[in-house]
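Asks: Below are the sequence and a predicted model for it; my questions follow.
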Amino acid sequence: MRLCIIAGALIIFSTSCEVLDKEPQNAVPEPAVWSTPGLAAAYVNNLYYYTMPGFSMKSTNDPFDQSAELADEVYYNAGSSYAKYQFLYGLIDNESVPFFGRDTYSYIRLMNIFFENIEKGTLDQETKGLLKGQVFFLRAWTYWNLVKLYGGVPMVMKLQETFTNGDIDESLYVKRNKTGECIDLIVQDLDSAYYYLPAKWEEDDDYGRVTRGAAIALKGRVLLFWASEQFNPQKKSERWQRAYDANKSAMESLTEDGYGLHPSFRELFEQCSEKTKEAIFVRVYDLNAGTAYTHGFDNAVRPSDQSSGGGSRNHVTWDLVKAFPMASGYPLYTDSAGTTYDQDRFWLNRDPRFYYTVAYNTGSWPLSGDDTYKVWTYYHYKEGNLINVMGNSKTYTGFYCRKFVNPSIDKDDAGYVATDWMEIRFAEIILNLAECANELDGKSDEVRELLFKIRNERNDVKVGMGYIDENLTDKTIMREIIMTERQVELAFENKRHWDLRRRNMYENDLGPNIKKLNGTRRTGWKVLLNEARVDPVRFLTIRDGVDFSLAPVYNAYFKQGVEDSLDTQYAINFPQPKYNFYPFANENMLKNPELEQNIFWGGTFDPYEE
């Protein structure tokens, strides 16, 4: 059984559901909370409800709800007024990023109320410590999500008095901390969380609570960002050293606590294995707790005939498809890959992770209990009009997202799925450490060892190391390899946009082979049926039994594929460094006269200050 906590101050733990972040209920007088174990725990559970990450696509108005659409991973058929595309096309204004404000700081206030009162109660010290560790983590997580967006923010670390003699207390008007001060305070909270939290929770019902592993893993991620160009345009080596040390410690501590790579990539992301040693920071879902504690990711991304009115999201781009190397490990842009790569039969001899991440035309994809189901995305002519075989409910790119989709779930149930969200998993720790090591001198052997783990330690992922070995001492090429490794390993895990942003990859070339995104347009891959050889109606009756891996067979039924531009109105234009630090909304500036606007938005606050 997985964790069930009803996050309401009047609820005691006598239920059998398994969800950490149920909606908060009514409050009780505070003195009772801090001396009653169930009530104190329920207070903390409210904080999980407010702050936990999870599967996205609940809102089209939140620009960061599905950040894959802010990058080159996927395409969603929406106009330029769509909130995410306002960012991608460089069209935002001061009102576009509304996350600095009352709601977020009300959660922080609840955390500070906890710290103000927890020691006043009569709970035993062990219980207090476990609760404190969780709140330290959640406060760090909440502040980090602000700093990642804006740079330095007001770091309110103690409970503020709201009124003095009936008037608003002027101490509420808090200035922005320097960004470096924010990072240090976040790290301080994570160090405290690590001190108080257990390596593992003893009870199965507590699965999903943060552990000391989550704390040290998040610390490594925070310091990786702090070392990257978003925050470190001068490329200070001491930042990379600090990030390396933190991620090295995270790797060692997590390994000691029993974490590691799950032995099967397929099990993790196609069979949706849960409670695995790879999962470090997890949002738990559970259908037994009610449909409100599920998500609709599967329904959103499965083909329309395998979903219930879904299938419109996470259409995988041709750009991501091309990012996966050959099984030999060579990128498609190298001569060595060219000897085995066939652009029309692009799926042959690829990195095995490709097959568990992307669904493509002619590919098998058992869904809804149908082991014979195949994906079809081709076009043909009907009455002189070019149409997709799936009609208007087609994929606009020629591909679907396969990762995280549980094939055993029936299409009618795909809108209420309980697959857990892994915000941090062990593979990210390996890649974080490899990236940091590559930016320092004398660590090329360690970089290779880490990349070998990612490419070869699992029983169903075996990728060659030749290209890495040929370029191991070239930091620039290795940087390209590592960032591409992150792109394919962590696809659809809400990482790609933030990687592009922190390393200025929208604005600048990463190296000679990985070019900037600005000025480019995302592409799909359009395949047309060869109607000179086969009638579209007849093809429907024979296609499932044809082996399209053979070139003569494939070419007999399909014409050569063509790249299809998806961004028809605008090219990608994500200006950096301007969009590395978003503006505060005008409402926030009016409410707090002490706030300074970011220098990139007409203000005086320098987000690079330490």
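Replies: Ah, there it is.

Asks: in the longest helix anywhere in the chain, what's buried?
Replies: Across the chain, the longest stretch assigned as helix under DSSP state H is helix 125-150. The neighbour-count check on helix 125-150 (16 or more other Cβ atoms under 10 Å) flags 128-144, 146-150 as buried. C-beta here means a position set from N, CA and C on the backbone, and glycine is covered the same way.

Asks: ok, the closest residue in space to G121 that isn't next to it in sequence to K591 distance?
Replies: Distance criterion Cβ to Cβ, 6 or more residues apart in numbering; nearest residue to G121, sequence neighbours excluded, is W34 at 2.9 Å. Distance from W34 to K591, counting by Cβ to Cβ, to the nearest Å: 31 Å.

Asks: And those two? Which one has more around it.
Replies: W34 (20 against 14; other Cβ atoms under 10 Å).

Asks: Hmm, A40 and that one touching each other?
Replies: Yes - the pair formed by W34 and A40 meets the contact definition of Cβ atoms under 8 Å, at 6.0 Å.

Asks: list residues touching both of these two?
Replies: 118, 121, 123 (Cβ atoms under 8 Å, 6 or more residues apart in numbering).

Asks: Now for the last one: which residues touch it?
Replies: Same thing as L123. By Cβ under 8 Å, 6+ apart, L123 lies in contact with 34-35, 37, 40, 131.

Asks: what's the answer for the first one, then?
Replies: Applying Cβ under 8 Å, 6+ apart, one finds that I118 lies in contact with 34, 40, 128, 131-132.

Asks: quick one: secondary structure of it?
Replies: Recorded secondary structure, I118: helix (DSSP: H, G, I helix; E, B strand; the rest coil).

Asks: Now do it against V33, distance only.
Replies: Using Cβ to Cβ, we find I118 at a distance of 9 Å from V33.

Asks: again, but for the last one
Replies: Here the criterion is Cβ to Cβ. By it, L123 lies 10 Å from V33.

Asks: Over to R109?
Replies: 15 Å.

Asks: The helix or strand where A215 lies - contacts with which helices or strands?
Replies: If you go by DSSP states H and E, A215 is part of helix 212-227. With contacts taken as 3 or more Cβ pairs under 8 Å, 6 or more residues apart in numbering; DSSP states H and E, helix 212-227 sits against helix 125-150, helix 179-196, helix 237-256, strand 279-283, strand 421-425, helix 426-438, helix 496-502.

Asks: Adjacent strands (with direction) for the fourth one?
Replies: Right, strand 279-283. strand 421-425 (antiparallel) (DSSP bridges).

Asks: can you tell me which residues contact the residue minimising distance to the centre of the chain?
Replies: Residue closest to the mean C-alpha point of the chain, counted by Cα atoms, centre = their mean, is N494 at 1.6 Å. By Cβ under 8 Å, 6+ apart, N494 lies in contact with 53, 56, 67-68, 423.

Asks: So which of these wins on neighbours?
Replies: If you count neighbours using other Cβ under 10 Å, the busiest of these is A68, which has 26 neighbours.

Asks: For it, which non-adjacent residue is closest in space?
Replies: Computed as Cβ to Cβ, 6+ apart, the closest residue to A68 that is not its neighbour in sequence is V74, at 4.6 Å.

Asks: Pretty sure the one you found sits against H315.
Replies: Yes - at 5.7 Å, V74 and H315 qualify as touching, with contact defined as Cβ under 8 Å.

Asks: Now do the shared contacts for the two.
Replies: Each of 397, 401 lies in contact with both V74 and H315 under the rule Cβ under 8 Å, 6+ apart.

Asks: okay, those two: which has more neighbours?
Replies: The neighbour comparison of V74 against H315 (other Cβ under 10 Å) goes to V74, with 28 against 25.

Asks: name the helices or strands packed onto the longest helix of the chain?
Replies: When contacts are defined as 3+ Cβ pairs under 8 Å, 6+ apart, helix 125-150 sits against helix 37-51, helix 102-117, helix 179-196, helix 212-227.

Asks: Please identify the deepest-packed of those helices.
Replies: Highest mean neighbour count of the helices and strands packed on helix 125-150: helix 212-227, a mean of 25 (counted as mean count of other Cβ atoms under 10 Å).

Asks: hey, C-alpha coordinates of that one in CSV?
Replies: The C-alpha trace of helix 212-227 is given here as CSV (Å, rounded to 0.1, in the frame of the first residue of the first chain):
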residue,chain,number,x,y,z
ARG,A,212,16.8,12.8,3.0
GLY,A,213,17.6,11.5,-0.5
ALA,A,214,15.1,14.0,-2.0
ALA,A,215,16.7,16.8,-0.1
ILE,A,216,20.3,16.1,-1.2
ALA,A,217,19.1,15.4,-4.8
LEU,A,218,17.3,18.8,-5.0
LYS,A,219,20.4,20.5,-3.6
GLY,A,220,22.4,19.1,-6.4
ARG,A,221,19.9,20.3,-9.0
VAL,A,222,19.7,23.8,-7.5
LEU,A,223,23.5,24.2,-7.5
LEU,A,224,23.7,22.8,-11.1
PHE,A,225,21.4,25.7,-12.2
TRP,A,226,23.4,28.1,-10.1
ALA,A,227,26.5,27.1,-12.0
